[in-house]
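> let's see this in three dimensions:
(one chain, ligands or ions: 1)
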Amino acid sequence: MQRVKNVEYDSDDLYDEEHEEYGDESDNRDSEQNRGSFAELTPVVRAELEEAGVQASDKAIEDALWNSFWDVGKSVVFLKNRNAPKQTPKKQEKAKSKFDQAAERSAKETGELNFPYVRLFPLVWCDVSGDVEERRGTVCAFPAMNWFHDVPWTLPLERQSHLVPALPLYRPRLLGGSSKLAKLAEERRKKAAATVVGGSSTDIDLSSLDRLTKPKDSKENDAPSSVAEPRKYPIRKKREPTPPPKEPTPPPPTEPEEEKPDLRASPTDFARTLSTNPMQGRTATAPTLADLLGTEQSEDPFKGPSPDDTVLKAQQRSKGRSLSKQTEALKLDSQSTQATVRSKGLDVPKLWAEEKAKRKPAAAFVVIGHVDHGKSTLMGRLLLDTGAVTQRDVNKYQKQAAEMNKSSFALAWVMDTGDEERERGVTFDFAQHHFSTPKADFTILDAPGHRDFVPNMIGGASMADMAVLVVDANQLESGMKGQTKEHILLAKAVGLKKVIVAINKLDAANPAWSQDLFEQVQADVRKLLLDSGFAEQDIKFVPCSGLGGANVVNAPKASSPAAWVSKAHFTLLQALERSIPPRSADQEVIRQPLRMQIVDVFRGGVTNPVSIAGRISSGSVQIGDIVTVRPSGEKATIRAIDVLDEAKDYAVAGQICSLHLSDIEAQHLRSGDLVCSLQHPVHGRRNVVLLIDVLEPLLPQPVDVHVGRLHVPATISQLVETVDGKGEQLKRRPRLLKVGQRARIKVSFEGSVPLVVGERVIVRSAGVTAAHGIVE
Ligand SMILES: Nc1nc2c(ncn2[C@@H]2O[C@H](COP(=O)(O)OP(=O)(O)OP(=O)(O)O)[C@@H](O)[C@H]2O)c(=O)[nH]1
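Now for the predicted structure:
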């Protein structure tokens, strides 16, 4: 057992008063000054003692004065009680010092005995209440004498009695019973207070002072003054004694009657009404019965329907209305607190057709390519040069990026808005941005290039009408091995037909804007695209530099090394405007039931707490429509619609829009869920058959199935058959599917997944795209 633990002591607790304060000449008892004080005070003490019939030698009185720091009252009490029989006054709990509190805290923290004195001042065990004594047995596992081996037992008795009172009660009382003296003094004070009926504490204090000056008049039981008088005896520098705790006002001499608990119950409201005057404190005159009932009533108090009649009438009125109907009415009432959204009942397909002439062509394109090939920077440049973002914004990003030593990413920050994306210079999720030119409206879907974020790239690509493949002219090889190739396959897998290849960073080529390099890269990428199933006429190549801006929106200057570009190639913007796919099948798709996959759930503003974004794949939606969300099956009302950041009354298939919802909680909405028309919802499926093109060997195995933004774990439960280009069976139940084969497979999901026949799916395994196909 450790005798003293690590306790955080207050500086006060460790303060050595004796050494600090009595180290000067005042410590010398026989100094001239001290002798003078003895001469002055000894007669005063003697007079007090004589009055009490106590004899004491001069030496004893001087000792008492010396040890009580010239306190006459204490000296008298000490000398009077010196031979008195020992009493064991009941201990009072004293206020805890900082030291005690620290020790107690430490004990609590160390989880040890919650009684610090045991560890710090073991002597207290010998003299404290039974409570502590009981603990001793459990704690003290060694002889008690071990605690005392370093204690100076040889201190003179008279000194023992006086050093202790300045210490807290719990300290080891090695030096005598000074606390007993304090107790006696306190008892005397109480008695004195009891005799001074109605006397104030000031009176008592004054009488004590009087005793010092007029010792003859003082009474034996008067309490000695506890007020120190440093002015009068300034020789020994002594800290002001801690004033005794304030005594409560002395009780009257007569024994107070024992307070008995009031067992009476508090009056009821009714009793209070009866027993109190309702007009108490009011100035108005009390109302009469006529005032309360009205004059008509006062004539005939029973005139009019009785309360029973009223109830019967109400029941009569509600006759025929079923409980469910009434509940329904209540429901409507509760909903009326929300802003009601009324459908305008628009004939959306008709309106869409009518407004066709007024509309600019529009397209969404996904920006794909290997990580760091410059996708975000190129899009930042496109937005800057088309005026969708201001130079001021870019300057701000430039400044912020420079502070992070990433100034080359300033343009990329236009698209990469996430803190971590900016910090790491890598796009995590696809970002959306709109811009318009006089000829067309565009939505950019900037996909992440890193292989870890391929699922997010699939989500972005599945919303697009075409793709912009960004290739770093100086890093073709790494791209071909990496995501350049995979992204091309995925773009094809999600059904994109048109692709613009931006051969980027030609400013950094060696030599800059090397035409040879461009042509070499162009040839390699073209081959890859054709091999992946893209048609020659759907591919466009654009030499450019996103960072410098050459051939993005503006053609390079004739004087620049990039001058050759403008002779044979479009700018990126021109290529985009010329690649917008025609929406010939619009009308047919718009008339189909609504389907929209949620790609984002967000808070659209104060008035739109629940909003979703996505691309409508079929049908249309208008304000006031009630839709259902799958798989949750929850219904929602369309409060508002935004298309290309503009509020609209409706949105149709092919548009990327934000739908602001009411009557649904955000927790019922997730990315990948399907918003359907209420009349024709999509039902979830646990097992589906997929027709796939195999990119990696496949067995019956666990895979991830991606459908746009949705990706769910699944198992290939059966390899049904391999088929030819027309879907005719080649081999039934193959054991393995090889690269390049087309096959039907059965896939099982853990839960039910809302899938539509004909929907495009991508099968991935171990982070690699293994197949793509459609739901049959
Ligand atoms: N010299 C030169 N550097 C460029 C060009 N375009 C981009 N860069 C630099 O290439 C680095 C990567 O650019 P990003 O735009 O972040 O590349 P990214 O393809 O969007 O990267 P992820 O989105 O993370 O896949 C940055 O340091 C750019 O400054 C260019 O045309 N010329």
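
> low-confidence ranges, this structure, go.
For the chain, the stretches flagged by pLDDT under 70 are 1-27, 83-189, 191-307, 309-340, 583-585.

> domain-wise, how is it divided?
Annotated domains of the chain cover 30-81, 98-165, 362-577, 586-677, 684-775 [automatic domain parsing].

> dump the residue contacts of residue 636.
For residue 636, the contacting residues are 610, 626-629, 661-664, 675, by Cβ atoms under 8 Å, 6 or more residues apart in numbering. For every residue, glycine as well, the C-beta is placed using N, CA and C.

> contacts only, for the residue in the stretch 551-700 of the chain positioned nearest to the ligand.
Nearest residue of the stretch 551-700 of the chain to the ligand, counting by Cβ to the nearest ligand atom: residue 552, 9.0 Å away. Contact analysis of residue 552 by Cβ under 8 Å, 6+ apart lists 378, 381-382, 385, 544-546, 571-573.

> same question for residue 431.
Counting by Cβ under 8 Å, 6+ apart, residue 431 makes contact with 376, 415-417, 444-446.

> and residue 425, by the same measure?
372, 406, 409, 412.

> at 6 Å what do you get?
Neighbouring residues of residue 425 by Cβ atoms under 6 Å, 6 or more residues apart in numbering: 406, 409.

> list the buried residues in the top helix by length along the chain.
In the chain, taking DSSP state H as the definition, the longest helix is helix 32-51. For helix 32-51, burial by neighbour count (16 or more other Cβ atoms under 10 Å) applies to 34, 37-38, 41-42, 44-49.

> now do stretch 751-766
For stretch 751-766, the buried set under the neighbour-count rule, 16+ other Cβ under 10 Å, comprises 753-756, 759-765.

> in JSON lines: the residues you listed, plus secondary structure.
Below are the buried residues of stretch 751-766 laid out as JSON lines (DSSP: H, G, I helix; E, B strand; the rest coil):
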{"residue": "753", "secondary structure": "strand"}
{"residue": "754", "secondary structure": "strand"}
{"residue": "755", "secondary structure": "coil"}
{"residue": "756", "secondary structure": "coil"}
{"residue": "759", "secondary structure": "coil"}
{"residue": "760", "secondary structure": "strand"}
{"residue": "761", "secondary structure": "strand"}
{"residue": "762", "secondary structure": "strand"}
{"residue": "763", "secondary structure": "strand"}
{"residue": "764", "secondary structure": "strand"}
{"residue": "765", "secondary structure": "strand"}
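
> please identify which of those residues is nearest to residue 362.
residue 760 (21.6 Å; Cβ to Cβ).

> what sits opposite the closest one in the beta ladder?
Beta bridges link residue 760 to residue 774, judged by DSSP bridges.

> surely it and residue 495 touch.
Yes. With contact defined as Cβ atoms under 6 Å, residue 760 counts as touching residue 495 (5.4 Å).

> count of residues packed around residue 554?
Using other Cβ atoms under 10 Å, residue 554 has 13 neighbouring residues.

> who does residue 435 form a beta bridge with?
residue 442.

> show me what contacts it?
Applying Cβ under 6 Å, 6+ apart to residue 435 gives the contacts 383, 386, 388, 442.

> between the contacts of residue 552, which is nearest residue 486?
residue 378 (19.5 Å).

> count the neighbours of the closest one for me.
Counted with other Cβ under 10 Å, residue 378 comes out at 30.

> mind starting the numbering at 37 from now?
Got it, first residue is 37 now, which makes that one residue 414.
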